[in-house]
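Asks: Kindly generate the corresponding structure for this input.
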Amino acid sequence: MSVIDALFALFGGSSAAGLSIPVILAIGFLLGLLHGATPDEHTWPITFSYSVGSYSSRGGARAGLTFSAGFTVQRSILTALGFLGLAAVYTAYNLDGYVYLAVGVVMFLAGWYLLRGSDIHLPLDRGMERLFGRFFRGHTHHTYLAGTAPPPEEKVRAVPLRMALVHGFVAGWGVGGFAAILIFVLAPQLPNVGWAALVGTMFGLGTMVMQILTGALFARLARMKRLSEVQIQQIGRRTAARTLYVGGFVFIIVGAIVAALPWLQGYYVSTGNPVPNLNRIDYATVLVVLVVGVIGGHSLWKAYREAVRPGLGPPQGSGGVGPPPKDERAPPR
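Replies: This is a model prediction of the structure:
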């Protein structure tokens, strides 16, 4: 049986018994690719926010890489726990609501920082900046500009990508269709806890590849034609701020509802597609559409209108398209 055949057999509910270690690891990577490519409430809203806020394809790819790095670490831990049998907790309790709450709080705080202009200092900030300062470049908190409105000669502050790293680790504790295959089917078939952690790592790396691509794509959407670099930065930051702030609030509300009413998980519309995230329409699908489509789309449109309306053109010397110059000739007598 080929890796692809084995993968679709798992989607159909087959066991992983008899599969070799290389095949299981390859399936883990393919599952990660599919996880990153399909609409997922734990990945797309967050990647969209940070990627658009990076206002460049390279910055968007870096946002996807940063998010999925934290996610990969978490998935390695989760599959190791699955091998040890601790994943039985997920069988007894529905933790999705609490994960939504945690993700929503982090999103809300990141959006609050961008909107209010007050930095969020984490205990590990200095250590992360020493290790990843070159990688984050202008994204560390010592380089942020004060104030919420950008001065004429300065660039808009960058979106804090270190928050995407935290987001990736927090969001990974949600258990959807892909995670269920990893924890309950693949991990128990491996010979020891080290191999079990490795299949989670392969899943995270597959997700990372697709998140880098999706992050670059989302960021590309923020690059409006005939706009200056300053205007593009304004659009990206404002879109990210509103999406994180409002989207985080929505995550908190949905998380509280799901935690209080876990039976909502049983209500969905089947699509007939065997691939997880595409196999049904449920509250998770609605959450993706609401945060990315409605909130993110409206935030992008509103930020664009603010950047191009008269009186909010690019600063002098920016080379962008601004409002037409005023006629300063003296009025006729």
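
Asks: Could I get the full set of helices for the stretch 201-333 of the chain?
Replies: For the stretch 201-333 of the chain, the helices identified by DSSP state H, counting those that start in this stretch occupy 229-260, 283-288, 297-308, in order along the chain.

Asks: What segments of the protein are strands?
Replies: Assigned strands in the chain, in chain order: 269-270, 280-281 (criterion: DSSP state E).

Asks: out of these, deepest packed?
Replies: Taking mean count of other C-beta atoms under 10 Å as the contact definition, the stretch among those with the greatest mean neighbour count is strand 280-281, which reaches a mean of 14. Every C-beta, even on glycine, is put in place using the N, C-alpha and C of the backbone.

Asks: Partner strands of that one, with direction?
Replies: Sheet pairing for strand 280-281, assigned by DSSP bridges, gives strand 269-270 (antiparallel).

Asks: give me every residue that touches the closest residue to residue 259 other than its chain neighbours.
Replies: Counting by C-beta to C-beta, 6 or more residues apart in numbering, the nearest residue to residue 259 once its immediate chain neighbours are dropped is residue 97, at 3.0 Å. Contact analysis of residue 97 by C-beta atoms under 8 Å, 6 or more residues apart in numbering lists 254, 255, 256, 257, 258, 259, 260, 262.

Asks: Now for the first one, how many residues are close by?
Replies: It stands for residue 254. 23 (other C-beta atoms under 10 Å).

Asks: cool, the third one as well?
Replies: When counting by other C-beta under 10 Å, one arrives at 15 neighbours for residue 256.

Asks: same deal with the last one?
Replies: Other residues near residue 262 come to 14 when the count uses other C-beta under 10 Å.

Asks: Just confirm it contacts residue 94, I think it does.
Replies: Yes: if you go by C-beta atoms under 8 Å, residue 262 and residue 94 touch, sitting 4.1 Å apart.

Asks: before we move on, the earlier item: for the contacts of residue 97, which one is nearest residue 180?
Replies: Each of the contacts of residue 97 was scored against residue 180 by C-beta to C-beta, and residue 262 proved nearest at 15.7 Å.

Asks: Quick one: residues contacting that closest one.
Replies: When the contact criterion is C-beta under 8 Å, 6+ apart, the partners of residue 262 are 94, 96, 97.

Asks: quick one: low-confidence ranges for the stretch 1-150 of the chain?
Replies: Segments of the stretch 1-150 of the chain classed as low confidence (criterion: pLDDT under 70) are 1, 42, 55, 86-88, 90-91, 117-150.

Asks: what about the helices in it?
Replies: Using DSSP H, counting those that start in this stretch, helices in the stretch 1-150 of the chain cover 3-11, 21-37, 44-53, 57-84, 88-92, 96-116, 125-136.

Asks: winner for burial among the ones you listed?
Replies: Neighbour counts (mean count of other C-beta under 10 Å) averaged over each of those peak at helix 44-53, with a mean of 31.

Asks: What helices and strands are in contact with that one?
Replies: For helix 44-53, the helices and strands in contact under the criterion 3 or more C-beta pairs under 8 Å, 6 or more residues apart in numbering; DSSP states H and E are helix 57-84, helix 96-116, helix 161-171, helix 193-221, helix 229-260, helix 283-288.

Asks: Perfect, I'm done here.
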